[in-house]
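Enquirer: Need the 3D shape of this:
(chains A and B)
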Amino acid sequence: MQSQIVTHAPAVRTYRDSRTRIVSALGPSTSVGGVLWAIVQPYRVTLLHPHHQGVWWLIAEPPLLVIAAGIMFSLLIARPLLADLQGDHGAA
Amino acid sequence: MEPHSEMVHWFFATGFLLLGLILLSQAIVGEEVWALRRWRVYLWPSIAFGLGIVMWPVMTFFTNSAIHMVAHGAWAQALMGAGAAELGLVHGKLHSRWWRLATPIGILVSGVAFLVHEQNTWYFARSAFLHHLIGWTLVAGALLPLGRALRPRSAAFQSGFALLFVVVAVMLYCDRDLAPVFGHLSPLAGVPHR
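Expert: Residues are numbered from 1 along each chain as shown, chains lettered A, B, ... in the order given. Below is the predicted model:
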């Protein structure tokens, strides 16, 4: 019996699980950062007081840009990456 | 109708934040998993090249002095050069590993561009402070892509390079056209508008 393979497998799985957890947390934690920023500095969210604002003030709202970056990363980058990571995990 | 200068900084901050997240996830999963989908290896060089392209309109429409024009023009070329070199490497058109030095050179030129086109002192206003801080951060941070070019498999250099973009993004988000920094605002700077 090759006992070394059996004893090393959990360690490898734990390492890959931790990578999966970190990658899946990157996007949501970025978006949460944006939400917290909007709560701390609500005057930087022009949508909360949109009247008589120019178009650029309605587009350029830093906390919302951070939230959007987190969502974009989660959907476009992290989701396919996690699928590949889990596929690689299953193959190993 | 042009956006305010501070808004341009925030848009670039969003691009830098995305770039940082992409590079960080690449450093976490490793090259083998990252390259399982071919489009992913082109991702960060394309974004760097794209940021260089959109720096040209910044040079054109936000130039209030000759030094601004030169700095933004040099910056656009450095970003495009770094992105193009990385694209050439991942596509297999370029083979020498020395092409990887285009990225640290690009970061160094970016830092110098920040420092050169800010002619006010650190505590003149928040934007002046941040331009000095970002400039020196990029000048020192150029060591990270240099280390990454010399030791491509080093997780420390890869993660450090990714976090450099995240840190610069945070600084860019803090930028305002006219605001105090740590209670300091030169009377020559004018009155904060919002």
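Enquirer: okay, CA-based contacts and neighbour counts for the rest of this
Expert: Fine.
Enquirer: Tell me the residues on chain A that lie near chain B, please.
Expert: A:19, A:22-23, A:26-27, A:56, A:60, A:62, A:65-66, A:69-70, A:73, A:77-78, A:81, A:84-85, A:88 (Cα under 8 Å from any Cα of the partner chain).
Enquirer: Quick one: low-confidence residue ranges for chain A.
Expert: A:1-16, A:88-92 (pLDDT under 70).
Enquirer: mind checking the SS state of A:H51?
Expert: The three-state label given to A:H51 by DSSP: H, G, I helix; E, B strand; the rest coil is coil.
Enquirer: helix/strand/coil for the most centrally placed residue in chain A?
Expert: With distances taken as Cα atoms, centre = their mean, A:G27 lies nearest the centre of chain A, 1.0 Å away. At A:G27 the chain is in helix, as set by three-state DSSP.
Enquirer: what about the spatially closest residue to it that is not a sequence neighbour, which helix or strand?
Expert: Nearest in space to A:G27, with sequence neighbours left out and distances taken as Cα to Cα, 6 or more residues apart in numbering or on different chains, is A:G70 at 4.2 Å. In this assignment (DSSP states H and E), A:G70 forms part of helix A:62-72.
Enquirer: That helix: which residues count as buried?
Expert: A:P62, A:P63, A:L64, A:L65, A:V66, A:I67, A:A68, A:A69, A:G70, A:I71 (16 or more other Cα atoms under 10 Å in any protein chain shown).
Enquirer: contacting residues around stretch B:73-82?
Expert: B:45, B:48-56, B:59, B:102-103, B:105-107, B:109-110, B:113 (Cα atoms under 8 Å, 6 or more residues apart in numbering or on different chains).
Enquirer: so who does B:L89 touch?
Expert: B:L89 sits in contact with B:H95, B:W99, where contact means Cα under 8 Å, 6+ apart.
Enquirer: Where does it sit, in terms of helix or strand?
Expert: Per DSSP H and E: helix B:66-91 holds B:L89.
Enquirer: after that helix, next one along is what?
Expert: helix B:102-116.
Enquirer: so what secondary structure elements neighbour the helix or strand that that next one is followed by?
Expert: Once helix B:102-116 ends, the next helix or strand along the chain (criterion: DSSP H and E) is helix B:126-141. Packing contacts for helix B:126-141, counted by 3 or more Cα pairs under 8 Å, 6 or more residues apart in numbering or on different chains; DSSP states H and E, involve helix B:102-116, helix B:155-173.
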